[in-house]
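S.K.: sequence below, structure please.
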Amino acid sequence: MRGGTVAVIGGSIAGCAVATAVARAGAGQVTVLERTRGRLEDRGVGLCVHDERAVELRASGALPAGIAAHPLQRRRWVVRDDAEGAGGRLIWQQPFPFHSYHWGLLWRGLRESVPDNVVYRQGEAVTAVEAAATGAGAEADERGRARVRLAGGSVERYDLVVGADGYRSGVRAALCPDSRPHYAGYVCWRGNVDAARLDELGGLGDPVPEAVTTVCFPGGSCVVYRIPGPGGPRVNWVLYAAPPRDGQLRLDDPTSFPPGAPTPGLADHLDALLEREFPPYWRRALALTDPADTFVQPIYDLEAARTAGGRLLLAGDAASVVRPHNTSGAAKALQDATALADGWRRSASFEELLDGYHRARGAAGRELVALARRLGRAQVERTPAWSAMDGDGMAAWWQGQLDGAPGIGGRAMAP
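M.R.: Residues are numbered from 1 along each chain as shown. Below you'll find the model as predicted:
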């Protein structure tokens with residue numbers, strides 16, 4: 001396939017990757033429609049990409065070289081045990097071959113790699129998307145083209161519209177309106193802090209900057225790891241637990257309190273959880289986080305009934321919302337872009353492209369969602385008696401979650 005017009009709805013990680021992929025694969029004109037007017041690089045905190053996925057994605061061109069990343073080697077699981085000291089008691093270690101990234105720095109690298117012939121339009125809010133009209137009754141200029149309605153009232157037509165617009169995707173609503181995110185029953189708190197501030201804790205310090213530390217407690221867990229930051233290394237943390245029971249969070253629709261927005265009541269709830277459950281060192285480390293760098297987000301998951309059809313196609317979180325435990329979100333978005341480019345080069349028509357993409361990426365998304373559900377149940381919803389676990393017990397518990405999967409971080413793409 002050569003030529004054709006493509007609109008990519010959403011200009012963050014998935015959107016930039018998709019725009020680059022289809023432009024290089026032969027699309028005639030690619031337009032990115034990003035609703036945000038401000039600086040996207042200010043969004044987000046930390047994420048990780050499995051080393052094997054990174055090698056594959058760099059080889060495909062989906063992951064540009066030179067983006068700052070912090071190497072991680074192992075994952076430590078600790079529980080509070082005052083007899084063992086401020087850092088808690090180590091109950092297990094496992095290999096963790098990942099590199100961590102700062103969301104903004106990763107986005108910036110992807111944005112800078114978007115070819116110059118791609119039109120990137122910020123401040124363009126999309127209010128509705130319609131699949132391509134078919135049949136003899138469709139007007140000639142409508143047939144085989146999807147429609148995009150903008151907030152200003154104008155309508156634009158494209159040969160292909162890619163939804164890279166996240167877990168509240170409007171493109172997904174047009175393609176499969178009955179596919180909606182489902183609340184998992186718990187929330188995650190996120191934050192990050194300048195790594196240099198750990199020196200304020202004295203004594204113990206940060207013993208393992210090359211490791212992810214998972215703090216385990218009844219009814220939840222928290223992962224803590226280093227990431228590169230615009231101004232130097234930072235410590236990123238993600239804490240999973242049941243929500244407050246006083247109705248402070250809306251849980252009937254995907255939503256979150258953005259950085260700096262948690263209410264005093266939510267902040268008090270988090271402080272009480274840290275005081276009650278965390279080893280003293282890790283409680284003090286998280287407490288260093290500035291309120292402006294703290295937010296809370298209900299956890300959802302979703303499997304779209306279809307990932308492509310009617311000249312509409314879904315990528316990244318628009319196609320499948322995967323709980324973060326699987327550490328696969330960024331890699332999956334870049335794999336979606338790679339698969340789309342590969343399919344573009346192999347296909348003779350848009351219909352062939354869409355069918356092939358759905359077969360490949362729909363199955364990949366379902367597999368990731370299923371694994372992340374198992375991980376969430378084991379690590380938050382139905383936690384074991386962590387303090388009674390030893391290395392052998394933890395290893396068996398971990399394999400039970402994988403249930404035959406090779407590991408977390410996503411699978412290699414089929415050749």
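S.K.: from here on, contacts and neighbour counts on C-alpha atoms
M.R.: OK.
S.K.: just give me the neighbour total for residue 402.
M.R.: As a burial measure, residue 402 scores 16 neighbours (other CA atoms under 10 Å).
S.K.: ok, the residue lying closest to it once chain neighbours are set aside to residue 179 distance?
M.R.: Using CA to CA, 6 or more residues apart in numbering and skipping the chain neighbours, the partner closest in space to residue 402 is residue 371 (6.7 Å). Taking CA to CA, to the nearest Å as the measure, residue 371 falls 19 Å from residue 179.
S.K.: more neighbours: which of those two?
M.R.: residue 371 (22 against 16).
S.K.: now for that one: which residues touch it?
M.R.: 326, 401, 402, 405 (CA atoms under 8 Å, 6 or more residues apart in numbering).
S.K.: could you look up the SS state of it?
M.R.: Three-state assignment for residue 371 (DSSP: H, G, I helix; E, B strand; the rest coil): helix.
S.K.: tell me the spacing between it and residue 315.
M.R.: As for residue 371, its distance to residue 315 is 19 Å (criterion: CA to CA).
S.K.: how far away is the residue nearest the centre of the chain from residue 283?
M.R.: For the chain, the residue nearest the mean C-alpha position is residue 329 (3.6 Å; CA atoms, centre = their mean). To residue 283, residue 329 is 27 Å away according to CA to CA.
S.K.: next: residue 198.
M.R.: Going from residue 198 to residue 283 by CA to CA gives 12 Å.
S.K.: do the same with residue 182
M.R.: Residue 182 sits 31 Å away from residue 283, going by CA to CA.
S.K.: higher neighbour count, the two?
M.R.: residue 283 (19 against 16).
S.K.: quickly find the element holding the more buried one.
M.R.: helix 280-287 (DSSP states H and E).
S.K.: give the buried residues for the host helix or strand of residue 397.
M.R.: Element membership for residue 397 (DSSP H and E) is helix 391-402. Residues 394, 398, 401, 402 are the ones in helix 391-402 that count as buried (16 or more other CA atoms under 10 Å).
S.K.: so where's the stretch 301-415 of the chain shaky on pLDDT?
M.R.: Applying pLDDT under 70 to the stretch 301-415 of the chain picks out no residues at all.
S.K.: do a quick rundown of the helices in it.
M.R.: All helices of the stretch 301-415 of the chain, identified by DSSP state H, counting those that start in this stretch, fall at 329-346, 350-376, 391-402.
S.K.: could you do the stretch 51-200 of the chain as well?
M.R.: 51-60, 103-113, 170-175.
S.K.: got the CA positions of the shortest one in CSV?
M.R.: In other words, helix 170-175. Taking Å, rounded to 0.1, in the frame of the first residue of the first chain, the C-alpha atoms of helix 170-175 are listed here in CSV:
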residue,chain,number,x,y,z
GLY,A,170,-13.7,8.1,21.5
VAL,A,171,-12.5,6.0,18.6
ARG,A,172,-13.2,2.9,20.6
ALA,A,173,-16.6,4.2,21.4
ALA,A,174,-17.3,4.5,17.7
LEU,A,175,-15.9,1.1,16.8
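S.K.: how near is the nearest residue to residue 377 once chain neighbours are set aside to residue 307?
M.R.: Excluding its sequence neighbours, the residue lying closest to residue 377 (CA to CA, 6+ apart) is residue 383, at 7.4 Å. Distance from residue 383 to residue 307, counting by CA to CA: 33 Å.
S.K.: the more surrounded of the two?
M.R.: More crowded of residue 383 and residue 307, by other CA under 10 Å: residue 307, with 28 against 16.
S.K.: surely the more buried one meets residue 361?
M.R.: Yes - with contact defined as CA atoms under 8 Å, residue 307 reaches residue 361; the gap is 7.4 Å.
S.K.: tell me the angle of the strand or helix carrying residue 273 relative to helix 280-287?
M.R.: Assigned by DSSP H and E, residue 273 belongs to helix 264-277. Using axes from the mean of the first three to the mean of the last three CA atoms, to 10 degrees, one finds that helix 264-277 and helix 280-287 are set 160 degrees apart in direction.
S.K.: which ones are touching residue 118?
M.R.: Contacts were defined as CA under 8 Å, 6+ apart; by that measure residue 118 touches 19, 20, 23, 29, 30, 31, 32.
S.K.: which ChimeraX command selects the buried ones in these?
M.R.: Selecting only the buried entries of the contacts of residue 118 in ChimeraX, with 16+ other CA under 10 Å as the criterion:
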select :19,20,23,29,30,31,32
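S.K.: ok, so of the contacts of residue 118, who is nearest residue 243?
M.R.: residue 32 (36.2 Å; CA to CA).
S.K.: that closest one falls within a strand, correct?
M.R.: Yes - assessed by three-state DSSP, residue 32 belongs to a strand.
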